[in-house]
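Colleague: here are the coordinates; sequence isn't available:
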């Protein structure tokens, strides 16, 4: 009898320490739950002189890395011998309403740096904004020359604590190479 | 450090000056341990004596005994243990001798076994376990690193803290880990997911090489790792064992304590509590510290059992918790970053020493509850029922929190898995009647997985059932033993996934018939030959079916294929064990054919994402074979000096694509010289061993499957030494080891961080094992 009681005691102690069961799989959590991804980058160009029409160019991979491929990948089409003021819009479209990631980048502009590498001989791109110490690149000025075709690589580096105004340090958050046509 | 090395040098010198030869007659000593034959528990309270009573030695709490004043010649010793029959054994004394006794133990289930039958189950597959010394030397290491002491076992590592065992080139879901008899169910599919087991619990650490689905169920394609704790204490009293280990690299400290008890008034009630703490900081390569490579572990377990010869029940509970820092420079955004990391001479992020663990990091919890009950019927057999529940929680934190402040403040892991598994097993084991002995059983498993955060594998539910039957045939008059078995398994798996706004839940059914046939031949007492032909299988894992995403550590997109079929293996393995006077040889050879072998095949088209183009891999199936051998030769040059040589050769080939298989361990050679010192006073079993381990460059790799060529081969020198010190009541075991003595700079092909960092530099470990008797009842052990 005594042993039976001891038995029971032992069983209770043994079972009491178990953690919560997570095996009752009924409904999966929604994909994208609390996950921050950049799905969309849109470049907004406006003619500094106000003559040529505005231009936009977008890269969009609606479900992020993996899964389905990108669905929008525009060509940048600019007019020759024009100066454009350019701003970059970043979105997370896996959540609804879409989260504007470029605002977060602006909040933490001392950790972020955009790098522009055009292959076009006469296209020059300069960053026009600053975090107080270094440029950021959310805002930039693109100056075109004569008509030509090529590509423009846009890289966003995440450089917490290591930003030095160059593209070298940090990790790559974005790396898109747009086909670029100056008409 | 310098001073420490000097101390070791001095110690070595001191020990080597002790007289080595020139013994006068009748001054020889014999010492050793008295151990339980089948679980190696020290049997304190035993005595060793000569028939005429001229020599008597009592065994201390660590099982150690010691007799001196012996002459050259052969003695008949008796070893008597409380409650057991005395064992009679002839020992030839020509020098100072070490001899262990294994008295027959009759307290437990063994009592109903037929006389003369060995307790240890003989297998036609080769089972290799860590020796007492190896077990001591690997204290403080992870389970994977410890197992790699066994020839044929290597590791797949991710930095210095994540280490998975690899048996004959196979790992993860292709090997099975039995923790206390229970299939370890964690997220073992991942290369950076190490087994969640505290090695300090283990008393027996062994590997069964070769395919063995019949006895152990699906997944055992490469082999089975057995991790068993000590049996609960059988004799009244309370004992404890304290283990302390310090490692210089990472300034890691380990402390583990186990307390065992058995009541004198209620002898069947036995218990143990055990706990381990471990903390290490940033480790150092020969030239610099690696940022964020600390580790923290806190584990505990308890066991309690009520065990009578005819029936019994026991409970075991263990909890494993760890925080692992992931080397900072291994986390990158895209392929350009990865290439930059390859080409860097030194890691792109420098660091100093710290114990702090930052992002990226992993937090893992694993819980095991097991209960086992048995009923034994004399001269018939034993029926046992086992139930276990495991809960595994894995949190992975990315290098950076989300940019969105409100999300970042939640401090959620980027990836979280929770896996709960229930397993049950009912087995009838019959006692050998005439020539046959059998085992028949049914097994069941229920598993559920949920995830949170970034998608990598979906939620799923898995139900598995299996039946098996194994017979062993051994007539008394022959030297051959034959075993054969058959098993049928069914696995049902249902997936729950979101596709857009819909939930899809495809189901998969898998079933398989496996068989085994093997023989053990013992022509004489020095030689054992084993051969086994067996089959094994595993269903495709959920990640192989449905993973779809960016693998951050590998900078690659991995895509699953939901049409994959089961992987099937046929394995032929043979082994020869020779145990001669001065020479012992262990040779394990294998030939394994795996059909529908699942692997990641590079696709030609990279995937374009917002982070750039990534190389893309698809899970694909091919036919493959693996063959090779492990050879261990142990030669006693003199009675004190011995030479051990280990060779491991493996060839793995993809027969469908006619190329080598990727990520297979390279050929490996290890040679060591060991010197055993003469016992002096209270200092026993002193040894010093120096070994060199050479790993060749892996040249057998498929084309275009890797970013950079496999690293060059390397040779490391390691040193280890140990001694036992007898005090009044106990025997303390001390040891020291120096790995990578020359601080060699090297990289290993089986380390996933080989792209961006060297391996650890010199690492000095010191360890102490202190057994203690906390309480001994007055009225026992007076035989």
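Modeller: Arrived safely. Worth saying up front: this structure is predicted, and the values here are computed from it rather than measured. Numbers count the residues shown, from 1 in each chain, chains lettered A, B, ... in the order given.

Colleague: so the residue nearest to residue A:112 when sequence neighbours are not counted is in which element?
Modeller: Excluding the flanking residues, the one nearest residue A:112 by Cβ to Cβ, 6 or more residues apart in numbering or on different chains is residue A:105, at 4.9 Å. C-beta: built from backbone N, CA, C; applies to glycine. If you go by DSSP states H and E, residue A:105 is part of helix A:101-107.

Colleague: ditto for residue B:145
Modeller: helix B:143-147.

Colleague: and the next element down the chain from that helix?
Modeller: Following helix B:143-147 in sequence, per DSSP H and E, is strand B:153-158.

Colleague: average pLDDT for the very next helix or strand once past that next one?
Modeller: The helix or strand immediately downstream of strand B:153-158 is strand B:162-167, counting by DSSP H and E. Averaged across strand B:162-167, the pLDDT comes to 95.

Colleague: okay, residue B:393 and residue B:197: tell me how far apart.
Modeller: 15 Å (Cβ to Cβ, to the nearest Å).

Colleague: please identify which of those two sits among more neighbours.
Modeller: Using other Cβ atoms under 10 Å in any protein chain shown as the criterion, residue B:393 and residue B:197 rank with residue B:197 on top: 24 against 21.

Colleague: please report how far that one lies from residue B:659.
Modeller: For residue B:197 relative to residue B:659 (Cβ to Cβ), the value is 35 Å.

Colleague: residues from the stretch 601-750 of chain B in reach of chain A?
Modeller: B:607, B:608, B:609, B:610, B:611, B:612, B:614 (Cβ under 8 Å from any Cβ of the partner chain).

Colleague: what segments of the stretch 251-400 of chain B are helices?
Modeller: Listed in chain order, the helices of the stretch 251-400 of chain B (DSSP state H, counting those that start in this stretch) span B:335-343.

Colleague: can you give me the strands in it?
Modeller: B:252-262, B:269-280, B:295-307, B:311-325, B:361-377, B:381-397 (DSSP state E, counting those that start in this stretch).

Colleague: center of the chain, which residue is that?
Modeller: Because you didn't say which chain, this covers chain A. Central residue of chain A (Cα atoms, centre = their mean): residue A:38, 3.9 Å from the mean position.

Colleague: chain B, not that one
Modeller: residue B:147 (4.2 Å).

Colleague: quick check: bridge partners of residue B:453?
Modeller: Taking DSSP bridges as the rule, residue B:453 bridges to residue B:415.

Colleague: what does residue B:239 give?
Modeller: residue B:260, residue B:773.

Colleague: likewise residue B:690?
Modeller: residue B:673, residue B:719.

Colleague: in terms of pLDDT, where does the residue nearest to residue B:391 when sequence neighbours are not counted sit?
Modeller: Closest residue in space to residue B:391, ignoring its immediate chain neighbours: residue B:367 at 4.4 Å, by Cβ to Cβ, 6+ apart. Per-residue pLDDT puts residue B:367 at 96.

Colleague: next one: the one 4 residues further on
Modeller: At residue B:371 the predicted local confidence, pLDDT, stands at 96.

Colleague: near it, how many other residues are there?
Modeller: Residue B:371: 19 neighbours (other Cβ under 10 Å).

Colleague: isn't it up against residue B:306?
Modeller: No. The criterion here is Cβ atoms under 8 Å, and residue B:371 misses it with residue B:306 at 11.4 Å.

Colleague: shared neighbours of the two, which are they?
Modeller: Contact criterion Cβ atoms under 8 Å, 6 or more residues apart in numbering or on different chains; residues shared by residue B:371 and residue B:306: B:313, B:314.

Colleague: separation between residue B:444 and residue B:547?
Modeller: Counting by Cβ to Cβ, the gap from residue B:444 to residue B:547 is 27 Å.

Colleague: quick revisit: give the contact list for the residue nearest to residue A:112.
Modeller: A:90, A:112, A:136, A:138, A:156, B:403.

Colleague: and the first one, what are its bridge partners?
Modeller: Residues in a beta bridge with residue A:90, per DSSP bridges, are residue A:41.

Colleague: tell me how far it lies from residue A:178.
Modeller: 15 Å.

Colleague: and those two? which has more neighbours close in?
Modeller: Using other Cβ under 10 Å as the criterion, residue A:90 and residue A:178 rank with residue A:90 on top: 23 against 20.

Colleague: that one contacts residue A:106, doesn't it?
Modeller: No. Applying Cβ under 8 Å as the test, residue A:90 and residue A:106 come out as separate, 9.9 Å apart.

Colleague: average pLDDT for stretch B:274-287?
Modeller: Stretch B:274-287 shows a mean pLDDT of 96.

Colleague: pull the residues that contact stretch A:55-74.
Modeller: A:31-32, A:37-45, A:75-78, A:84, A:93-94, A:176, A:178, B:455, B:548-550, B:557-559, B:607-611, B:614.

Colleague: do stretch B:698-709 as well
Modeller: Contacting residues not belonging to stretch B:698-709 are listed as B:338-339, B:342, B:602, B:651-652, B:654, B:657, B:659-662, B:664-666, B:710, B:749, B:755 [Cβ under 8 Å, 6+ apart].

Colleague: from the residues you listed, which would you call buried?
Modeller: B:338, B:602, B:652, B:654, B:657, B:659-662, B:664-666, B:710, B:749, B:755 (16 or more other Cβ atoms under 10 Å in any protein chain shown).

Colleague: now, which of those lie within helices?
Modeller: Residues of the buried ones among the contacts of stretch B:698-709 located in helices (DSSP state H): residue B:338.

Colleague: just give me the closest of the buried ones among the contacts of stretch B:698-709 to chain A.
Modeller: Ranked by distance to chain A (Cβ to the nearest Cβ), the buried ones among the contacts of stretch B:698-709 are led by residue B:338 at 9.6 Å.

Colleague: correct me, but the closest one touches residue B:332?
Modeller: Yes. Contact criterion Cβ under 8 Å: residue B:338 and residue B:332 qualify, at 5.4 Å.

Colleague: hey, what's in contact with both of these two?
Modeller: Common neighbours of residue B:338 and residue B:332 (Cβ under 8 Å, 6+ apart) are residue B:555.
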